[in-house]
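Colleague: kindly return the folded structure for what I paste below:
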Amino acid sequence: MKRAIAALFIVLIISFSGLAPAVARVKAPPCATPLASYKGVPARSNEDYPYDSCDGPSAYGLKYQCVEYVRRFYHLIKGVETREGMPGRGWDGNADTYFKTAGEKGLDALKNGGPAPPLPDDIVTFKGGTHGHVGIITAVTDDHIEFIEQNFSSSGTGVLAYNPRTHRVADRHVRGGRLTVEGWLRPQTH
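Modeller: Purely as a prediction, here's the structure:
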């Protein structure tokens, strides 16, 4: 116990004295830089604006936020009306509201670990962090899912472990925190 306290004390002294090596922070690509693309819809850099936009509003919400990509993808590829101010279903709200408001958007909410597996083009929803997170599933394999996203990773993509027997996708551990996969959303079939 004394050794652990002594080691902690030494780390604190080094940290506060400026002797600790500087941690290099990776600078995000410039605003609107394409990071990845799925079915011709590019995910773009939002620079270092986690709660705002580096380029203002768009027809799909704040440019280069995660929900803006999902709304843009679903409008352009799926033909679902997701634009701001259009009559019909409301696609507004932060990512942390998407799973519980899926029905209002004309989507089925399929719980992580439930009876339905994720499929390409589904919206993967995460809870946690300040406002949750969403992305579009691009591939499902025997051991992982792949997805495209904005305003989160420097590559515009993510990969999470997946168990096809239980239909469970692993949580995402990032920056000392965790985002829990709530499930996936897809257009209603009835």
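Colleague: in the lengthiest strand in the chain, which residues are buried?
Modeller: Taking DSSP state E as the criterion, the chain has its longest strand at strand 177-187. Residues Leu179, Val181, Glu182, Gly183, Trp184, Leu185, Arg186 are the ones in strand 177-187 that count as buried (16 or more other CB atoms under 10 Å). Any C-beta I mention is one placed from the backbone N, CA and C, and that applies to glycine too.
Colleague: swap in stretch 115-132?
Modeller: Here stretch 115-132 shows 117-118, 121-129, 131-132 as buried, counting by 16+ other CB under 10 Å.
Colleague: now do the helices in this protein.
Modeller: All helices of the chain, identified by DSSP state H, fall at 2-17, 66-76.
Colleague: weakest of the ones you listed in terms of mean pLDDT?
Modeller: Sorting the helices of the chain by mean pLDDT places helix 2-17 lowest, at a mean of 41.
Colleague: so who does Pro115 touch?
Modeller: By CB atoms under 8 Å, 6 or more residues apart in numbering, the contact set of Pro115 is His167.
Colleague: what's the spacing between it and Thr33?
Modeller: 40 Å (CB to CB, to the nearest Å).
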